[in-house]
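**Q** the amino acid sequence is not available; the structure is as follows:
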């Protein structure tokens, strides 16, 4: 079934009001919303001028404070918070994460080169000193939020969501959350889940990975090169890395949006834009109209996407160029005394938001997502109130954790690394503890479920005399109760199905199962039908792709699903030119396009399939629950009478069932909808006779498919 575009979340930057660039340059994690991912990076308060970094223990010379950068962080975090609160009109607020990434690149490059204006007179820090200060600056506040989220999740979330949260917590503490979410969002069958309370930590992972890479790269250049050669090499490397990353980002935005959005490689170019602004900081001179025009133009380029972009904008890709280049322009223009952009950004309200941005960003997303998981969808004024309320724990974190560790602890690298290590280990322990508690609550997944015997006909789901004690599959297994042969359901960017056979693979007779993931959910039933007659089952399935000939948009890719059209054409040609099947069994989600579009699309497809001369059969679509059923059942203590969903939204008009197409083309139809949603009441059940019907929001469990196999066999082919 079609899924929403990977949510993007914006992460707020780290804050500091008057620190030197060396201590204030830090990153900010970003949060992801269900429709569009956005994540600003937390960054410390930067300095524009050279920042000499003496040996550990020696007195540090403070760099010039940049109030405009602190205010720019305030603009970024406010736009992200407004976006996550669904404030009308601010539909592109997720670009705040890009602003944060550019600022981080600016600050860190200025620190590592000893200058934010292109010179190299300053002395850069050692790698250990650099990493120690980053750890002390960023990780403790993150650890506080992670532990608090683990506690809140254990108390307020159901055990299944708690299990997911425990895994996310371990990834966030290990600084690889971005890669975990890449994997989830590129998995079609997992991409539609509710966003994690820690999804915004993907940006923190990106930032820390960037810090490590950039520290090794630039400090390595500083060790072997000096003076102008070092400056030229740094410029060349920065431009080269940025160009390569931008090319990949644009390409991935078209082919794999989650990889472009969450991966470090796809985001590096945004950091390098800030790095180039640091290296070329003096190019505009100290004053004049050029700086004002660049500053105002840059600020306009930052604000415009907040108002003009929305969840349908392919992002990041070329769309990210506007806020990224705008941020770099503001940084190049610098602060000024005249009525310029820097003066506006340096106003007290924006600077106050900038100081709080890192902690505020860390806190607001868990508050929002846990509240919505607990109480359901909230209106935007309520979400905005929750975001505002998150400022209180953010302020406490700033005062009690960030500032004391930043200004009060020893600058010795060994102390900073010890603080960082503790900030990694404590959340890991919290994640393991939470995970252990949810496993005890749910029980282990155990061995695969043995499906109870299903009825061959009649109003009952199970065979006469068959009873189920408890729930099957168990709630610990329900989400993972997939059909065999998951490799048969090809990835989104593939346009040809592999040879995927079950049953008697050498038999000249074969059943072809054809369609999208709502066809793939019937693989086990198809295997049972084929084995009953010593036939082969061939699976030709592409998730998210309608068998009816119509072009659709894929929200995971963020664009028109061209691979679907190519796969359908390749598959229909393959069936027309290959050996004729004994039966072509069609199935699929009945939600693509309008009813008229589906009818026209099915007509075009049926013309092609009827020409093969093979018998055709169609499985009506199963009811759409519209909610994560295993999670709902877990939150309801596994009560089988819980988690009903409206009949009115469970079904859509089906041109194959209701439009006369099946009769026109001689298609045999089997509709299990009335069996799974019996009676005529307003609701449909999530559990029937002890069998959990759905593994997510709309796909049936493999256990149910095996229970229904005898019924399908009889309805499609009669007695064996």
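**A** Yes, it's here. Keep in mind that this is a model prediction, so the values were computed, not measured.
**Q** let me see the ranges of the strands in the stretch 551-700 of the chain.
**A** Residue ranges of the strands in the stretch 551-700 of the chain, as given by DSSP state E, counting those that start in this stretch, are 553-554, 559-560, 583-587, 616-619, 645-646, 668-670, 683-684, 687-688, 691-692.
**Q** stretch 484-502: which residues count as buried?
**A** For stretch 484-502, the neighbour count (16 or more other Cβ atoms under 10 Å) marks 485, 488-490, 492, 495, 497, 500-502 as buried. For glycine as for every other residue, the C-beta is placed from the backbone atoms N, C-alpha and C.
**Q** which of these fall within strands?
**A** The strands, defined by DSSP state E, take in 501-502 from the buried residues of stretch 484-502.
**Q** tell me the one of the buried residues of stretch 484-502 nearest residue 174?
**A** residue 492 (27.3 Å; Cβ to Cβ).
**Q** dump the residue contacts of the closest one.
**A** Taking Cβ atoms under 8 Å, 6 or more residues apart in numbering, we find residue 492 in contact with 186, 188, 256, 543-544, 554, 556-557, 561, 563.
**Q** try it again at 7 Å.
**A** The neighbourhood of residue 492, defined by Cβ atoms under 7 Å, 6 or more residues apart in numbering, consists of 188, 544, 554, 556-557, 563.
**Q** hang on, the earlier thing: out of the buried residues of stretch 484-502, flag the one nearest to residue 425.
**A** The shortest approach to residue 425 among the buried residues of stretch 484-502 belongs to residue 492, at 37.6 Å (Cβ to Cβ).
**Q** ok, now how distant is residue 380 from residue 89?
**A** 11 Å (Cβ to Cβ, to the nearest Å).
**Q** looking at these two, which is more packed in?
**A** Neighbour count, other Cβ atoms under 10 Å: between residue 380 and residue 89, residue 380 has more, with 12 against 9.
**Q** can I assume residue 539 sits in a strand?
**A** Yes - membership of residue 539 in a strand is supported by DSSP: H, G, I helix; E, B strand; the rest coil.
**Q** what's opposite it in the beta bridge?
**A** Residue 539 forms beta bridges with residue 513, as assigned by DSSP bridges.
**Q** could you single out the most deeply buried of the strands of the stretch 551-700 of the chain?
**A** strand 691-692 (a mean of 26; mean count of other Cβ atoms under 10 Å).
**Q** got a list of contacts for that one?
**A** Counting by Cβ under 7 Å, 6+ apart, 461, 468, 471-473, 478, 629-630, 633, 701, 703-704, 707 sit against strand 691-692.
**Q** what's the host helix or strand of residue 268 packed up against?
**A** If you go by DSSP states H and E, residue 268 is part of helix 264-279. Secondary-structure packing of helix 264-279 (3 or more Cβ pairs under 7 Å, 6 or more residues apart in numbering; DSSP states H and E): helix 96-113, helix 201-224, helix 227-255, helix 321-333.
**Q** mean confidence for it?
**A** Averaged across helix 264-279, pLDDT comes to 96.
**Q** give me the contact list for the very next helix or strand once past it.
**A** Later in the chain than helix 264-279, the nearest helix or strand by DSSP H and E is helix 289-308. Helix 289-308 is contacted from outside by 75, 79, 89-90, 92-93, 95, 99, 284, 322-323, 325-327, 329-330, 332-334, 336, 338, 340-342, using Cβ under 7 Å, 6+ apart.
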